[in-house]
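Asks: only geometry, no sequence info:
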């Protein structure tokens, strides 16, 4: 995996890098290690999948079953939707069977989270809180005010409302875990990633990392367009989730950006047509960003505020299509369930290869104390100098027997840091709104959201926020009717 080629942590993982893991992080991780690193290898483990109905469950469990150094353990599935929980249970049992792991691995399923947490070593969080009930409101109410979203689950009105619905449950999960399995590592896959990780830092001392696949996916994409073998490419990447920057991109010492810039300037090229917003941002700000053009267009004030700009930069699907997530998410969930039924029945092939998702590589590194480098979402304690301290950033993280060891990056180029900071202001207020059930903080979060602020006045933002909260009030723990 090319993650091991990242320049800021590769040598550190071998004990040679000048950049040091933060002392504060090392102390926390050492305290949290229940067993000495060398004693952990060869021990059966328990992995709890929270939100087992998620589409992440099948690939992540497949990856875990592929870890060669593990003697086995238990996959504990948790979901409040009993139908989807049963499907996940049958599917994981089938995976264990076809991969020949019956004697070493077992699977359990329950709607009782606290029961599953007993003895847990790893918690994988993939919960979705009331998403299908609210996704229409998340999209249609802001659109009425002129705020047009493609995905709407990370920032902006949709991201804020998802945070208000999800973070209260997330806090309950973390409090239960801190009581029942305080030594467990927590791997969060649920969006809005930055607000989820920031909220976690306020309520728990457990080791939490936010995981996404945008760094892996984008690095593969860039290697293909640069025409170099993926495993030979070296790069540095840092920023915030979905808005991290590939500040260096080289192959055998040769800068790859001139090749990418040339392709991006040709608006008929596959590179540009596949990612018009990312290519445009690269041309104007100097580096490629980790998330798709559709997501990215929502994090910026430039591309979705006027019809002519949308016609110029927005394309179908994940390239920016209006309401793409809202229209498709319920169907995707049903499609996932139907695919599981067919897989259980043997009507479709079940893939058993290990993927590039980080969860299994984290577990393997932690169990064996053989360092592995990921890119994860962690709290900024001296990691990126010119981004707010105490907020959530995405950087290289070395995983070993002590857990998560974030690697210091230094400074981002100032224009790139400024773009990140514009999002982080919204995330800070959004997390406060969710933790305190605060309408005022919710409105302030959207007043600071780059896209919303490009379209609406503060008074209009306040009105839209109130309408969203009232429409979803029954899904928002702690909020009172206005």
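Replies: Yep, that arrived. Since the model is a prediction, treat every value here as computed from it, not as a measurement. Residues are numbered from 1 along each chain as shown.

Asks: Distance of residue 67 relative to residue 427?
Replies: 33 Å (CB to CB, to the nearest Å). C-beta here means a position set from N, CA and C on the backbone, and glycine is covered the same way.

Asks: More neighbours: which of these two?
Replies: residue 427 (30 against 17; other CB atoms under 10 Å).

Asks: May I ask you to name the longest helix in this structure?
Replies: helix 156-180 (DSSP state H).

Asks: Name the next helix or strand following it along the chain.
Replies: strand 185-188 (DSSP states H and E).

Asks: who does that next one pair up with?
Replies: Sheet pairing here is set by DSSP bridges, and for strand 185-188 it gives strand 122-125 (parallel), strand 207-210 (parallel).

Asks: deepest of those, which one?
Replies: Across the strands paired with strand 185-188, averaging neighbours per residue (mean count of other CB atoms under 10 Å) puts strand 122-125 on top, at a mean of 26.

Asks: for the helix or strand just after that one, what is the average pLDDT?
Replies: Scanning forward in sequence from strand 122-125 by DSSP H and E, the next helix or strand is helix 131-144. Across helix 131-144, pLDDT averages out at 95.

Asks: Over to stretch 282-302?
Replies: Stretch 282-302 comes out with an average pLDDT of 98.

Asks: and what of stretch 86-101?
Replies: 98.

Asks: ranges for the strands of the stretch 1-150 of the chain?
Replies: With strands called from DSSP state E, counting those that start in this stretch, the stretch 1-150 of the chain shows them at 45-50, 73-78, 105-110, 122-125.

Asks: Where does pLDDT dip in the stretch 1-150 of the chain?
Replies: 1-42 (pLDDT under 70).

Asks: From the chain's centroid, how far away is stretch 451-468?
Replies: Chain-centre distance of stretch 451-468: 26 Å, with CA atoms, centre = their mean, to the nearest Å.

Asks: For residue 265, see how far away the closest residue to residue 266 other than its chain neighbours is.
Replies: Residue nearest to residue 266 in three dimensions, not counting chain neighbours: residue 272, with 6.3 Å by CB to CB, 6 or more residues apart in numbering. Look at residue 272 and residue 265: by CB to CB, they are 8 Å apart.

Asks: The residue nearest to residue 266 sits in which helix or strand?
Replies: helix 270-274.

Asks: elements contacting that helix?
Replies: helix 257-265 (3 or more CB pairs under 8 Å, 6 or more residues apart in numbering; DSSP states H and E).

Asks: Report the mean per-residue pLDDT for the helix it packs on.
Replies: 98.

Asks: residues in contact with the nearest residue to residue 134 once chain neighbours are set aside?
Replies: Using CB to CB, 6+ apart and skipping residues adjacent in sequence, the residue nearest residue 134 is residue 472, 5.2 Å away. Going by CB atoms under 8 Å, 6 or more residues apart in numbering, residue 472 touches 130, 134, 137, 161, 164, 165.

Asks: For the residue lying closest to residue 379 once chain neighbours are set aside, the count of nearby residues, please.
Replies: With sequence-adjacent residues excluded and distances taken as CB to CB, 6+ apart, residue 379 is closest to residue 201, at 4.8 Å. Residue 201 sits with 17 neighbouring residues when counted by other CB under 10 Å.

Asks: Wasn't residue 201 part of a helix?
Replies: Yes. Per DSSP: H, G, I helix; E, B strand; the rest coil, residue 201 lies within a helix segment.

Asks: For it, list the residues it contacts.
Replies: 208, 379, 390, 392 are the contacts of residue 201 under CB under 8 Å, 6+ apart.

Asks: can those go into CSV with extra columns for distance to residue 410, secondary structure and pLDDT?
Replies: Shown next, in CSV, are the contacts of residue 201 (distance: CB to CB, whole Å; DSSP: H, G, I helix; E, B strand; the rest coil; pLDDT from 0 to 100):
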residue, distance to residue 410, secondary structure, pLDDT
208, 24, strand, 98
379, 17, strand, 98
390, 18, coil, 98
392, 18, strand, 98
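
Asks: buried subset of the residues you listed?
Replies: 208, 379, 392 (16 or more other CB atoms under 10 Å).

Asks: for these, which one is nearest residue 143?
Replies: residue 392 (27.9 Å; CB to CB).

Asks: just checking, the closest one touches residue 197?
Replies: Yes. Using CB atoms under 8 Å, residue 392 is in contact with residue 197, at 4.5 Å.

Asks: Quick check: neighbours shared by the two?
Replies: Joint contacts of residue 392 and residue 197 (CB under 8 Å, 6+ apart) are 210, 377, 378, 379.

Asks: Now distance to residue 147 too, for the residues you listed, in CSV please.
Replies: Below are the shared contacts of residue 392 and residue 197 laid out as CSV (distance: CB to CB, whole Å):
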residue, distance to residue 147
210, 25
377, 25
378, 30
379, 29
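
Asks: Double-check residue 388 against residue 381; I have them as touching.
Replies: No. Using CB under 8 Å, residue 388 is not in contact with residue 381, being 11.2 Å away.

Asks: Report the mean per-residue pLDDT for stretch 213-232.
Replies: The average pLDDT for stretch 213-232 rounds to 97.

Asks: how far out from the middle of the chain is that stretch?
Replies: With CA atoms, centre = their mean, you get 19 Å for stretch 213-232.

Asks: So what touches that stretch?
Replies: Applying CB under 8 Å, 6+ apart, the set of residues contacting stretch 213-232 is 1-3, 5, 233, 235, 237, 241-242, 244, 246, 249, 251-252, 256, 259-260, 263, 270-271, 275, 288-292, 356-358, 375, 394.

Asks: For ChimeraX, write a command that selects the buried ones of those residues.
Replies: Selection of buried members from these for ChimeraX, criterion 16+ other CB under 10 Å:
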select :2,3,5,233,235,237,241,242,244,246,249,251,256,259,260,263,271,275,288,289,290,291,292,356,357,358,375,394
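
Asks: in the stretch 201-350 of the chain, which spans are helices?
Replies: 214-226, 257-265, 270-274, 276-285, 293-298, 307-313, 324-345 (DSSP state H, counting those that start in this stretch).
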